[in-house]
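[1] Please find the sequence and the predicted model below.
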Amino acid sequence: MHINFTEVQNIFIVCGHTDMRCGIDGLASVISDQYNLDLFSDAIFLFCGRKKDRYKALYWDHDGFMLFYKRIENGHLQWPKDQDEVKKLTSQELRWLLEGLSIQQPKAIKPAKTGDLY
C-alpha cells in the first residue's frame, strides 16, 4: 500500500523527544490523553527519539492503525525541542522536516493572500 502523507489533511508533530519503545497503543494514548487530539481525523502524528536519527508516524487507515518507523542512516532531523507542544504542519513543512531541514525556513517565499495585487 502506498500512502502519500503530504496529502493527509492533518499533519501533527509531537515536539521534543518521545520514548521510541512505544508502539501503536502507547503513541495513541499520548495523542489522546496528553494532547486531546482526535486520532481518527485523517491525521498523521510524527514522533522522534532523543538522537533525532529516527522517527515514527502513526496513521489511522479506516480499518486500523498503521505505524511507520524510519532510521536515517546519514544525518539527523531538525526536530522542534519544546517538549510540551504539538504543532500542525503544512505538507511543505513536512517535506522540509523529512529532508533534514528546519520547519521554519525564514527565506522561503510565503504564500500570498488571494485578491491582493500590491
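    Cool, the structure landed.
[2] Would you map the helices across the protein?
    Counting by DSSP state H, the chain has these helices, from start to end: 24-29, 91-98.
[3] Check which helices and strands the last one sits against.
    In this case it means helix 91-98. strand 10-14 (3 or more C-beta pairs under 8 Å, 6 or more residues apart in numbering; DSSP states H and E). The C-beta positions use only the backbone N, C-alpha and C, and glycine is treated the same way.
[4] partners of the strand it packs on in the sheet?
    On the basis of DSSP bridges, the sheet neighbours of strand 10-14 come out as strand 43-48 (parallel), strand 86-89 (antiparallel).
[5] Confidence-wise, which of the ones you listed is weakest overall?
    Least confident of the strands paired with strand 10-14, judged by mean pLDDT, is strand 86-89 with a mean of 90.
[6] Y69 and M20, how far apart?
    8 Å (C-beta to C-beta, to the nearest Å).
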